[in-house]
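*Asks:* Pasted the sequence and its predicted model underneath.
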There are 2 protein chains.
Amino acid sequence: MNFCSHCGSAQLVFKIPEGDNRPRYICSNCGVIHYSNPKIVTGCLPIWRNRVLLAKRAIEPRKNYWNVPSGYMENGETVEQGAAREVLEETLAKVAGLTLHTVFSIPHINQVYIHFLAELDKPDFGIGEESLEVRLFTEEDIPWKEIAFTSSVFTLKHYFEDLRKGRREVHMGGME
Amino acid sequence: MNFCSHCGSAQLVFKIPEGDNRPRYICSNCGVIHYSNPKIVTGCLPIWRNRVLLAKRAIEPRKNYWNVPSGYMENGETVEQGAAREVLEETLAKVAGLTLHTVFSIPHINQVYIHFLAELDKPDFGIGEESLEVRLFTEEDIPWKEIAFTSSVFTLKHYFEDLRKGRREVHMGGME
């Protein structure tokens, strides 16, 4: 942030606003305080007969790595709607009846991953614009060293662990 | 947004960037795309012997209304850390061992509320800077018409419902 998005002034200072307890960009010209907050990455692991649908990323970061279909939540949608949208965009699969599975915070990059599970009615999917390949994996097939993000490893590990235990839970996690 | 925060230009256009599917503010001068995404409001309902700790808001919006201690999640923290921080700021109570309780989306204002539950070790609390009053409520005592936000009503209703059922679940909800 080099200029105030409200008045265009370059006179930004990074300091603690009155009554606050942490520094923010404040415009010395118009007084507007510019807040910055974590973003939500929302996604869903589609399931077909205990196999999970992953997408190989066609874009950076982590191009060529496999991922739980996920992306930034957009304004104007619920977390569940965002997750279903990401699945559709990346794998062309339609998911419904999403159940919450993991919430994973990554404080150093200001992100919170929220992942759902959804059973596919039938194994209908394809290769979305941001994907190179889309396929179903059993636990044994998962290319653990080629998974794009820690949040997806967390989601996958817990899915198969819950499957073995015969019960589903919501799992909280994060990187410190 | 009137000016580009990167280069200071007023030549912003609101259109769909190449390869994207929804409009964003794009700077015609330097090309930077300005994304806007939903914010997380994180909070926690502290519990003492089946009574819940609420704070009466000293600030707008909804000044003088009772609320589950909550506030905007900040950069550099996990969702759980943010919730514990909000409880401390608003009620001076220290909470640990938070368990996820509700995730509530409000698409029209681009917010996602994430509320936890935490048992207090002892009923130690006080009145934080942003609060007018802080107290424990039984279900019968709750001033339902004076609860600040729909997300808090959702959290409280489900807490007492789960209590009657003798089991705790994570509840997804939202306003359309």
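*Replies:* Sure, I can see it. Residues are numbered from 1 along each chain as shown, chains lettered A, B, ... in the order given.
*Asks:* need the helices for chain A, in chain order.
*Replies:* A:79-91, A:150-165 (DSSP state H).
*Asks:* how about the shortest one, does it reach chain B?
*Replies:* Looking back up the chat, that one is helix A:79-91. Yes. Using C-beta under 8 Å from any C-beta of the partner chain, we find that helix A:79-91 touches chain B at A:79-81, A:89. From N, CA and C alone the C-beta is placed, and that goes for glycine too.
*Asks:* my guess is A:Val52 meets A:Tyr159, correct?
*Replies:* Yes. Using C-beta atoms under 8 Å, A:Val52 makes contact with A:Tyr159 at a distance of 6.5 Å.
*Asks:* gap between the residue nearest the centre of chain A and B:Phe116?
*Replies:* By C-alpha atoms, centre = their mean, chain A has its centre lying nearest to A:Val41, at 2.6 Å. For A:Val41, the distance to B:Phe116 (C-beta to C-beta, to the nearest Å) stands at 20 Å.
*Asks:* quick one on the thing from earlier: could you dump the residues of helix A:79-91 next to chain B to JSON lines with pLDDT and neighbour count?
*Replies:* What follows is the residues of helix A:79-91 next to chain B, written out as JSON lines (pLDDT from 0 to 100; neighbours: other C-beta atoms under 10 Å in any protein chain shown):
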{"residue": "A:Val79", "pLDDT": "98", "neighbour count": "26"}
{"residue": "A:Glu80", "pLDDT": "98", "neighbour count": "23"}
{"residue": "A:Gln81", "pLDDT": "98", "neighbour count": "18"}
{"residue": "A:Glu89", "pLDDT": "97", "neighbour count": "16"}
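*Asks:* Out of those residues, the closest to B:Ile59 would be?
*Replies:* Comparing these against B:Ile59 with C-beta to C-beta places A:Val79 closest, at 26.7 Å.
*Asks:* Let me know the distance separating the residue of chain A most remote from its centre from B:Ser9.
*Replies:* Distance from the centre of chain A peaks at A:Asn29, with 36.7 Å (C-alpha atoms, centre = their mean). For A:Asn29, the distance to B:Ser9 (C-beta to C-beta) stands at 16 Å.
*Asks:* got it, and A:His171?
*Replies:* Using C-beta to C-beta, A:His171 is found at 45 Å from B:Ser9.
*Asks:* before we move on, what about A:Ser28?
*Replies:* As judged by C-beta to C-beta, A:Ser28 and B:Ser9 stand 20 Å apart.
*Asks:* still on that earlier bit, and for A:Val52 and A:Tyr159, which residues touch both?
*Replies:* Counting by C-beta atoms under 8 Å, 6 or more residues apart in numbering or on different chains, the contacts common to A:Val52 and A:Tyr159 are A:Leu45.
*Asks:* State the pLDDT value of the nearest residue to A:Asn29 once chain neighbours are set aside.
*Replies:* Nearest residue to A:Asn29 in three dimensions, chain neighbours excluded: A:Ser9, at 3.6 Å (C-beta to C-beta, 6 or more residues apart in numbering or on different chains). With respect to pLDDT, A:Ser9 scores 97.
*Asks:* now A:Glu176
*Replies:* 75.
*Asks:* quick one: stretch A:51-65 near chain B?
*Replies:* No. Using C-beta under 8 Å from any C-beta, stretch A:51-65 stays clear of chain B, coming no nearer than 8.8 Å.
*Asks:* No more questions from me, cheers.
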